[in-house]
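# Can you look at this prediction? I've put the sequence above it.
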Number of protein chains: 2
Amino acid sequence: MSNLRRLKTIKQLSTAATLCAGSLLISVLPSTASLAEALLPSAASTDPAAIGWMAGTPPVASKLVRHADLSFYQFPQTRWTFSHFQELVPTKRIWRGAGRSSALVNMPDSAIDGIEFVPMNSESTMTWGQMLEATFADAALVLHRGNVVYENYFGATSRETPHISFSVTKSYYGTLAAMLIEEGRLDEDKLVGDYLPELEGSGFGTATVRQILDMTTAIDYSEDYTDPKAHVFDFARAGGIFPKGDYDGPEGFYAYLSTLGKKGEHGKAFSYRSVNTEVLGWLIARVTGSNAVDLMQERIWGRLGAEEDAYILIDTLGTGWAAGGLNATARDHARFGEMMRNNGQWNGEQLLPKSVVDDIRHGGDKDKFAMAGYTTLPGASYRNQWWIHHNANGAFSARGVHGQTIYIDPTAEMVIVRLASHPMAANANYDGVSLPAYQAIADYLSKPR
Amino acid sequence: MSNLRRLKTIKQLSTAATLCAGSLLISVLPSTASLAEALLPSAASTDPAAIGWMAGTPPVASKLVRHADLSFYQFPQTRWTFSHFQELVPTKRIWRGAGRSSALVNMPDSAIDGIEFVPMNSESTMTWGQMLEATFADAALVLHRGNVVYENYFGATSRETPHISFSVTKSYYGTLAAMLIEEGRLDEDKLVGDYLPELEGSGFGTATVRQILDMTTAIDYSEDYTDPKAHVFDFARAGGIFPKGDYDGPEGFYAYLSTLGKKGEHGKAFSYRSVNTEVLGWLIARVTGSNAVDLMQERIWGRLGAEEDAYILIDTLGTGWAAGGLNATARDHARFGEMMRNNGQWNGEQLLPKSVVDDIRHGGDKDKFAMAGYTTLPGASYRNQWWIHHNANGAFSARGVHGQTIYIDPTAEMVIVRLASHPMAANANYDGVSLPAYQAIADYLSKPR
């Protein structure tokens, strides 16, 4: 395969698979190590700062990154885009609140970059630093017992830069919904149609809130990224995340949801479909009489002592993109992760009931999850929009395409945040290096020193 | 005139006159008082919070405010838009910097709302509070000797909400340019064409930097808002501030500038044309090798101890809208104003040379200014993108359409910030109530108490 051909393939995979993907590309390629060697340009050769995307006043044509022509979603432009979405599309601010940010004590451990691990399906070792490079990391942060033992930024991302988190957003929404269930404001056994008459005739109408939360609905919704007519593209165009083009369906995330039918039986298997999270956002709005973004500000962001405002991509009607629109700094995601690790406690306040975290950590139905065939996540489950690894350390995580994660390891008292701009969407393509690296840091931090 | 007809007229005036206006509507109506009574809906009846623009998930059609259909620029939707631009168009963040915000000591004086004054061309009195209502204020703040003696918010604007400042933006850019002149990096006597070969063939090419700064260029640029073919609309569409529609000229603020010719002789008269400030932004970018927005962050915003990030509207190529795109909170504008009042000092640091403030306070050419016929600003001048009132108190101000101002009164040791969403663009329409009100507060604060 020529280099040009390879790059084109990657671009197609990237553009196509980005939006909502769980891990549909899992088995496309045999092993992560060979993939990286065979196909991918390096992080160094695609460094957005070195390339100078959007530099110059105005930038020359070859350095432009634009929404209208979809170049914002092509690799390597994405290495700039992912920390500059505010400059490309309308966004809604999520205020950090007044006053000082909460303290994150700095206790850097210079040994971490060199910590070695063996990737899945590999015989040679790799270091933490090499993993970050191989996964096109833009930000990496490790908390141990709440202290910052590792923090590093790359490319176009700095400590203060909100970076797109894609499906990590889902875990924030899932946590909010779980809070509302705990408070008795949302009933997990009720049907979506009971709350949202607008969706009564759609495939979602007869699904329970619980099935939405755990992604066990059976919706006629295609995420086949090789099919230009797949639903996923119309969804993105309905919301304005992609340019509208010749799309002439209903406008806005929610109107689009009502066009989707059912395919199969709800509740039988885990089936990762981002549209479930949009339904969840709508449910949150309906039962609170507000909207999920404002609720996130009130209940989470404004109470974390965040350092920076976050922001969320919105559709043309102002609705936040529940499935993937949150932009935040690594440090602020780390605060959220640390709050989760501490069973909802943060700065002496109980931001959410311990029972909500317990429920997430307990996990979802492993058998239903197994039916989806995630080979890099054996024995895992999905609950309240979180991934539960069910490993020895009881780890659970928020995961977003192109390498975003908040990885929480209660046993190692560790939280890892990685924000990235990997050219391939599905994490499954680089879980083989990421997950063993997280475990190696957990092991290192767990050793008596 | 029927109410409907009145409203339509106001809408036309508003939409048309908004973009860049100095005070072209000055003599449209005989007196502000009669205008307000005859034509305008009240602030209360157009309260955006009460109307509920964009409330609901998703909002019903009648509550939608949209960019594509220009409803974002119609009154009374503007009362929501002016503090929600980030949700409508791409914007660029101006980071507040790390750490705590600088202190603004609260010393509220409850008498201020009731302070009376006599509007221009009027015999009856009005109070400060009534003036704020009559001018559709969204935020009002008075500093005396650096302490907050008055602070109030209305409509859709809160203490933490960045609000569009329109041409107040120009004064920030003018201050930056004056700093660069002081530092010897920009030569006020050089021609625009010397720095920007791209503009050599345009009407700007033979203007000096000083003429750009003081708006004494003679450019063939129409701001006749009753003419749908006026340049001002193409400028807005070139930059994406207005939807592109059938505009097919060059894309971006700067490319548009190069299409403008000369009309008359540079340097003869004050002629308020917003495009001058875009040239200024380009000059700043060229001599710094950076861009004016980043420079504003580095030299001003990031050093003020601002409470909130600001943001600026950008064109489709990422260029900040120098003439009017800055969105910031009243409190952060007040910090900037107080720094100017203190001759460039702030928090023990000299953010800009005293000579820059001296030069602004000394003012521009009054005779050239007088030729423009601003009846509400007799004896005033314009220097470095600031308005100098040349009144007994030596006041100078930043002014933006629809009622934005930072008004600095060195004698009274006072800074006033008002952010507003008046249906009429040109300040001249309500200077008659605004300026006497500012003077009344100055007089009140100057009295021994």
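Happy to help now that I have it.
# Tell me which residue of the stretch 101-250 of chain A lies closest to chain B.
Relative to chain B, the nearest point of the stretch 101-250 of chain A is A:E160 (5.8 Å; Cβ to the nearest Cβ). All C-beta atoms are positioned from the backbone trio N, CA, C, and that covers glycine.
# That residue should be in a helix, yeah?
No: going by DSSP: H, G, I helix; E, B strand; the rest coil, the assignment for A:E160 is coil, not a helix.
# so what's it up against?
For A:E160, the contact set (Cβ atoms under 8 Å, 6 or more residues apart in numbering or on different chains) comprises A:E307, A:E308, A:T329, B:W95, B:A98.
# Identify the residues contacting the last one.
This means B:A98. A:E160, A:E307.
# For B:Y311, see how far away it is.
As judged by Cβ to Cβ, to the nearest Å, B:A98 and B:Y311 stand 18 Å apart.
# What lies in contact with stretch A:331-340?
Looking at what lies outside stretch A:331-340 - Cβ under 8 Å, 6+ apart - the contacts are A:96, A:102, A:104, A:141, A:143, A:146, A:148, A:151, A:159, A:165, A:168, A:172, A:175, A:300-301, A:304-308, A:310, A:345-346, A:351-352, A:357, A:360, A:396, A:398, A:406-408, A:415-417, A:419.
# Show me these that map onto strands.
A:141, A:143, A:148, A:151, A:310, A:345-346, A:396, A:398, A:406-408, A:415-417, A:419 (DSSP state E).
# rewinding a little: and the residue of the stretch 101-250 of chain A closest to chain B, its phi and psi?
Per-residue torsions, A:E160: phi -100, psi 0 (degrees, to the nearest 10).
# ChimeraX command for the buried members of the contacts of A:E160?
Buried residues within those, by 16 or more other Cβ atoms under 10 Å in any protein chain shown, are selected in ChimeraX with:
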select /A:307,308,329 /B:95
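# Tell me the one among the contacts of A:E160 nearest to B:V192.
Using Cβ to Cβ, B:W95 is the member of the contacts of A:E160 that lies nearest B:V192, at 30.1 Å.
# Go ahead and confirm the closest one touches B:D309.
Yes: taking Cβ atoms under 8 Å as the definition, B:W95 is a contact partner of B:D309 at 5.7 Å.
# ends of stretch A:89-101, how far apart?
28 Å (Cα to Cα, to the nearest Å).
# How far off centre is it?
19 Å (Cα atoms, centre = their mean, to the nearest Å).
# Chain B contacts on the stretch 1-150 of chain A?
Residues of the stretch 1-150 of chain A lying close to chain B by Cβ under 8 Å from any Cβ of the partner chain are A:54, A:57-59, A:64, A:66-68, A:86-93, A:95, A:98, A:100.
# could you list every residue that touches A:K63?
A:I51, A:G52, A:W53, A:M54, A:A55, A:G56.
# Please apply the same query to A:D214.
Here A:D214 is in contact with A:F270, A:G364, A:D365, A:K368, A:Y382, A:R383, A:N384 (Cβ under 8 Å, 6+ apart).
# quick check, nearest of the residues you listed to chain B?
Among these, A:N384 lies closest to chain B (Cβ to the nearest Cβ), at 20.8 Å.
# rewinding a little: among the contacts of A:D214, name the ones in helices.
Counting by DSSP state H, the contacts of A:D214 place A:K368 in helices.
# Report the two of the contacts of A:D214 separated the most.
Farthest apart among those - using Cβ to Cβ - are A:K368 and A:N384, which lie 14.4 Å from each other.
# So the two - more neighbours on which side?
Neighbours were counted for A:K368 and for A:N384 using other Cβ atoms under 10 Å in any protein chain shown; A:N384 has more, 27 against 18.
# Check the burial of the residue lying closest to the more buried one once chain neighbours are set aside by counting its neighbours.
Nearest residue to A:N384, sequence neighbours excluded (Cβ to Cβ, 6 or more residues apart in numbering or on different chains): A:G174, at 4.1 Å. Neighbourhood size, A:G174 [other Cβ under 10 Å]: 26.
# Which residue, other than its chain neighbours, is closest to A:S222?
Among residues not flanking A:S222 along the chain, A:A230 sits closest, at 4.3 Å (Cβ to Cβ, 6+ apart).
# just checking, the one you found touches A:R237?
No: the pair A:A230 / A:R237 is not scored as a contact, 11.5 Å apart, by Cβ under 8 Å.
# Would you mind listing where chain A has pLDDT under the threshold?
Applying pLDDT under 70 to chain A flags the ranges A:1-39, A:224-226.
# can you do 50?
A:1-33 (pLDDT under 50).
# how's chain A carved up into domains?
A:1-171+A:290-449, A:177-280 (automatic domain parsing).
# now the end-to-end length of the last one.
In domain A:177-280, first residue to last residue: 7 Å (Cα to Cα).
# How about stretch A:94-105?
Note: stretch A:94-105 ends 24 Å apart using Cα to Cα.
# now stretch A:44-62
This stretch, stretch A:44-62, spans 19 Å end to end (Cα to Cα).
# Equivalent analysis for stretch A:182-193, please.
Termini of stretch A:182-193 sit 21 Å apart (Cα to Cα).
# same deal with stretch A:285-300?
Termini of stretch A:285-300 sit 16 Å apart (Cα to Cα).
# Quick check: chain neighbours aside, which residue is closest to the residue of the stretch 201-350 of chain A at minimum distance from chain B?
Here the stretch 201-350 of chain A gets closest to chain B at one residue, A:A285, 3.6 Å apart by Cβ to the nearest Cβ. Leaving out its chain neighbours, the residue that sits closest to A:A285 by Cβ to Cβ, 6+ apart is B:T57, at 3.6 Å.
# In contact with that neighbour, which residues?
Counted by Cβ under 8 Å, 6+ apart, B:T57 has contacts A:Y254, A:G281, A:W282, A:A285, A:R286, A:S290, A:N291, A:A292, A:T319.
# In three-state terms, how would it be classified?
Classified using three-state DSSP, B:T57 is coil.
# give the contact list for A:R383.
Taking Cβ under 8 Å, 6+ apart as the test, what A:R383 contacts is A:L213, A:D214, A:D359, A:I360, A:H362, A:G363, A:G364.
# Tell me who's in contact with the residue nearest to it when sequence neighbours are not counted.
Excluding the flanking residues, the one nearest A:R383 by Cβ to Cβ, 6+ apart is A:G364, at 3.8 Å. Contact partners of A:G364, counting by Cβ under 8 Å, 6+ apart, are A:D214, A:F270, A:S381, A:Y382, A:R383, A:I388.
# rerun that using 6 Å as the cut-off
Residues near A:G364 by Cβ atoms under 6 Å, 6 or more residues apart in numbering or on different chains: A:D214, A:S381, A:Y382, A:R383.
# Bridge partners for A:L326, pull those for me.
A:L326 has these beta-bridge partners by DSSP bridges: A:I312.
# Isn't it up against A:S167?
No: in this structure A:L326 lies outside contact range of A:S167 using Cβ atoms under 6 Å: 9.5 Å.
# Of the two, which one has the most company?
When A:L326 and A:S167 are compared for neighbours, A:L326 comes out ahead with 32 against 27, by other Cβ under 10 Å.
# Against A:V168, how distant is that one?
In terms of Cβ to Cβ, A:L326 sits 7 Å off from A:V168.
# one step back: would you list the domains of chain A in a markdown table and tack on distance to B:L445?
Putting those into a markdown table (distance: least, Cβ to Cβ, whole Å) gives the following:
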| stretch | distance to B:L445 |
| --- | --- |
| domain A:1-171+A:290-449 | 27 |
| domain A:177-280 | 48 |
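# what about the helices in the stretch 151-300 of chain A?
Secondary structure of the stretch 151-300 of chain A (DSSP state H, counting those that start in this stretch): helices located at A:168-182, A:192-195, A:209-213, A:231-239, A:253-257, A:275-288, A:292-299.
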